[in-house]
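K.L.:
need a structure here:
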Amino acid sequence: NGGPAGPLPPRPTPATTRTHQSEFAKKASRIGQAIHTTSNKLARLAQLAKRTSMFDDPAQEIQDLTLVVKQDITGLNRAIEDLQVRWKN
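P.N.:
Just a heads-up that it's a prediction; the model follows:
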């Protein structure tokens, strides 16, 4: 049966494996889209940081966008960790 360690876990069926892979692909795709969106925000942040004008001070926009990007990165890290944990199981 399973030997000294106990019974072996049930083997996944091809349908279960496909469903699991499909779920993984969907989540990975959403993460990819979020990375793209965050990358665009970082590009905007870089543009704002390069801007030097006495009459158009983007400090508040830079501060707001920096906060949003930090939140995005935190969310992305959580989503990636969740995906890794789920994929290993």
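K.L.:
from here on, contacts and neighbour counts on C-alpha atoms
P.N.:
Fine.
K.L.:
any low-confidence regions in the protein?
P.N.:
Within the chain, the segments meeting pLDDT under 70 span 1-17, 89.
K.L.:
center of it, which residue is that?
P.N.:
When C-alpha atoms, centre = their mean is applied to the chain, the residue found nearest the centroid is L76 (3.1 Å).
K.L.:
for it, which non-adjacent residue is spatially closest?
P.N.:
I31 (6.7 Å; C-alpha to C-alpha, 6 or more residues apart in numbering).
K.L.:
may I see the buried residues of whichever helix in the chain runs longest?
P.N.:
Longest helix in the chain by number of residues (criterion: DSSP state H): helix 14-50. For helix 14-50, the neighbour count (16 or more other C-alpha atoms under 10 Å) marks 24, 27, 31, 34, 38, 41-42, 45, 48 as buried.
K.L.:
what is that helix packed up against?
P.N.:
The contact analysis (3 or more C-alpha pairs under 8 Å, 6 or more residues apart in numbering; DSSP states H and E) places helix 14-50 against helix 59-88.
K.L.:
quick check: angle from the helix it packs on to helix 14-50?
P.N.:
160 degrees (axes from the mean of the first three to the mean of the last three C-alpha atoms, to 10 degrees).
K.L.:
check the offset of helix 59-88 from the chain's centre.
P.N.:
Taking C-alpha atoms, centre = their mean, to the nearest Å, one finds helix 59-88 lying 7 Å from the centre of the chain it belongs to.
K.L.:
who does that helix touch, helix- and strand-wise?
P.N.:
helix 14-50.
K.L.:
circling back to that earlier point, surely the residue nearest to the centre of the chain meets T37?
P.N.:
No. With contact defined as C-alpha atoms under 8 Å, L76 does not count as touching T37 (11.1 Å).
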